[in-house]
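In: could you look at this predicted model? Sequence included:
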Amino acid sequence: MEAQLEQLTSAIDALTALDIDALTDTELHTAVVSLQRLGDRLTVIAAPLLERWHHRQVWATDGSKSAAARLSRETGTAKKTAARSLHRASVLASMPATASAGSAGDLSVDQVDLLARANTSERRDLFARDEAMLVGQVHDLWFHEAVRIVRYWENRADAHLGRDHAAADQHTADAHAHCSQTLDGMVKIDAELDPVGGAIFATELQRLVKELQEADRVAGVDRTPAQRRAAAMVEMARRSAAMPADAVHPRPLFIAHVGDGSVAELCELANGTIITPAHLAPFCDDAMLEVILFDGPTTIISISKQRSFAGALRRAIEARDRHCQHPSNCDVPADQCDVDHIIPWSAGGPTSQHNGRLQCPTHNRNRDKHDHGATPLPHRDVTRDDETRARRRWRLRRAGIPIHHLTPDQLHTWRLPTAS
């Protein structure tokens, strides 16, 4: 082991003597990415050594109170960092596929930790069953997409264990807020809200921030985003105080994407937060439901006619894209994005589902960062027959009836069997 450590130390020493300014842009990029990946590999490779060091209580030989205390002291890291490393090492001992992928450089430390957080003691048997599948999914996806996949797996695992309502109740129980005054009279606010309550608060806060931003522009006032958020919170309190106690309160504003029977596990807020149906249950009586029927992952067949076509089309594109569609894989969620033309209106681009997409304000409005060469989705004329067939496919799948053998004409005329 000492020989390997000496070789590794020599290689690192050689890197410190590297003339960085002599590197080309390509070489510099390769070096940055490679060193980051190698660092992550070393972290995972060191985990089993750390686990044995902890298990054999080598850390206790000098009288240290805990493994985290000694590791923190001898590596110059915070105790929280040391404790996190020890926890990772302990959990990875029961995650062979994850440890193997991390050691080989196929998973980053963040991806390893994402899986480790899902592998709780309650879910351990289910995680062992599904680990290979989860490792493959996390490896193939961008990180923010992997987070969604793992969160959905957690929800399904909790439902299988009968813990889904308990998880929602725990979120509610964990919500808290503190408001205190500093010595110089400033007020400090610290809060953590449950997913739905947080979405309601954040949506209203963002609406007021935009309102204040427009007022600042007209008045020539220059404030930072953080200052506007603080002012918006005061404005929320001011408007609340002005409302009579017996006034009819407006409905809370948040959007949730919920699947039908064929995609029953789909349940997330428009900002990308994965939740369970139990989180939504208290709001169902006042909910406004809007049905968007897709044929495949991208084509919108129909939208319920509850509101204007323009508004419904926007919401349908938000439901389809979920986040900024810039090719850099920007993960800004739908509720913070613009819906705009791919081929600009001024260049003859139509206002349609195929020529519309989500992009965050930076990628949509900044000419230097906008992807000007993007192409629309393949155009497809959607007819009434398409809608009829898609609805029938949906109903047949929900009824558990195989449809792969049906031709389009047969599908168009097929009827669900009636009970005798």
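Out: Yes, it's here. Every value quoted in this text rests on a predicted model; they were computed, and no experiment measured them. Numbering: from 1, shown residues only.
In: what's the spacing between the longest helix seen in the chain and its chain's center?
Out: In the chain, assigned by DSSP state H, the helix with the most residues is helix 25-55. Helix 25-55 has its C-alpha centroid displaced from the chain centroid by 25 Å (Cα atoms, centre = their mean, to the nearest Å).
In: C-terminal to it, what's the next element?
Out: Later in the chain than helix 25-55, the nearest helix or strand by DSSP states H and E is helix 67-75.
In: what is the rounded mean pLDDT of that next one?
Out: Per-residue pLDDT over helix 67-75 has a mean of 95.
In: I'd like to know which elements the host helix or strand of Thr81 is packed against.
Out: For Thr81, the host element (DSSP H and E) is helix 79-92. Secondary-structure packing of helix 79-92 (3 or more Cβ pairs under 8 Å, 6 or more residues apart in numbering; DSSP states H and E): helix 25-55, helix 67-75, helix 96-103, helix 109-118. C-betas here are computed from N, CA, C, even on glycine.
In: low-confidence bits of the stretch 101-250 of the chain, can you list those?
Out: Applying pLDDT under 70 to the stretch 101-250 of the chain picks out residues 164, 167, 245-250.
In: what about the strands in it?
Out: 176-181, 187-192 (DSSP state E, counting those that start in this stretch).
In: His29: which of these is closest?
Out: Closest approach to His29 among those is made by strand 187-192 (38.1 Å; Cβ to Cβ).
In: OK, contacts around the nearest residue to Val138 once chain neighbours are set aside?
Out: In space, and not counting its chain neighbours, Val138 is closest to Ala146: 4.3 Å by Cβ to Cβ, 6 or more residues apart in numbering. When contacts are counted by Cβ atoms under 8 Å, 6 or more residues apart in numbering, Ala146 touches Gln111, Leu114, Gln137, Val138.
In: near the second one, how many other residues are there?
Out: The one in question is Leu114. As a burial measure, Leu114 scores 20 neighbours (other Cβ atoms under 10 Å).
In: got the contact list for it?
Out: Val138, Phe143, Ala146, Val147, Val150.
In: please indicate which of the residues you listed are buried?
Out: Val138, Ala146, Val147, Val150 (16 or more other Cβ atoms under 10 Å).
In: among these, which pair sits farthest apart?
Out: Farthest pair in those, by Cβ to Cβ: Val138 and Val147, 9.1 Å.
In: ok and the longest helix of the chain relative to helix 67-75, angle-wise?
Out: Helix 25-55 runs at 130 degrees relative to helix 67-75, counting by axes from the mean of the first three to the mean of the last three Cα atoms, to 10 degrees.
In: in helix 25-55, what's buried?
Out: Buried, per 16+ other Cβ under 10 Å, within helix 25-55: Asp40, Arg41, Thr43, Val44, Ala47, Leu50, Glu51, Trp53, His54.
In: shouldn't Leu28 be in contact with Asp21?
Out: No: using Cβ atoms under 8 Å, Leu28 is not in contact with Asp21, being 9.4 Å away.
In: how near is the residue lying closest to Gly102 once chain neighbours are set aside to Cys337?
Out: In this structure, Gly102 finds its nearest non-sequential neighbour in Val44, 3.4 Å apart by Cβ to Cβ, 6+ apart. Separation of Val44 from Cys337 (Cβ to Cβ, to the nearest Å) stands at 35 Å.
In: possible to save the helices and strands packed on helix 79-92 as JSON lines with distance to Thr203?
Out: JSON lines is the format used below for these (distance: least, Cβ to Cβ, whole Å):
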{"stretch": "helix 25-55", "distance to Thr203": "36"}
{"stretch": "helix 67-75", "distance to Thr203": "40"}
{"stretch": "helix 96-103", "distance to Thr203": "36"}
{"stretch": "helix 109-118", "distance to Thr203": "27"}
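In: to Lys210, which of those lies closest?
Out: Proximity to Lys210, assessed across the helices and strands packed on helix 79-92 by Cβ to Cβ, is greatest for helix 109-118 (32.1 Å).
In: that closest one to helix 25-55, inter-axis angle?
Out: Using the same axes, to 10 degrees: helix 109-118 against helix 25-55 is 40 degrees.
In: now do the buried residues in helix 109-118.
Out: By 16+ other Cβ under 10 Å, the buried positions in helix 109-118 come out as Val109, Gln111, Val112, Asp113, Leu114, Leu115, Ala116, Ala118.
In: now do the contacts for the closest residue to the second one other than its chain neighbours.
Out: Meaning Gln111. Computed as Cβ to Cβ, 6+ apart, the closest residue to Gln111 that is not its neighbour in sequence is Val138, at 5.1 Å. Counting by Cβ under 8 Å, 6+ apart, Val138 makes contact with Leu107, Gln111, Leu114, Leu115, Ala146, Ile149, Val150.
In: out of those residues, who's nearest Asp125?
Out: Closest to Asp125, out of all of the contacts of Val138 and judged by Cβ to Cβ, is Leu115, at 15.3 Å.
In: excluding chain neighbours, what is closest to the closest one?
Out: Leaving aside its sequence neighbours, Leu115 sits nearest to Thr98 (Cβ to Cβ, 6+ apart; 5.1 Å).
In: my read: the one you found touches Val112, true?
Out: Yes: Thr98 is within contact range of Val112, at 5.9 Å (criterion: Cβ under 8 Å).
In: common neighbours of these two, please.
Out: Leu92.
In: for the stretch 301-420 of the chain, give me the ranges with low pLDDT.
Out: Residue ranges of the stretch 301-420 of the chain with pLDDT under 70: 301-311, 346, 382, 399, 403-420.
In: related to what we said a few turns ago, mind putting the contacts of Leu114 in TSV, distance to Ala312 included?
Out: Below are the contacts of Leu114 laid out as TSV (distance: Cβ to Cβ, whole Å):
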residue	distance to Ala312
Val138	35
Phe143	32
Ala146	31
Val147	29
Val150	32
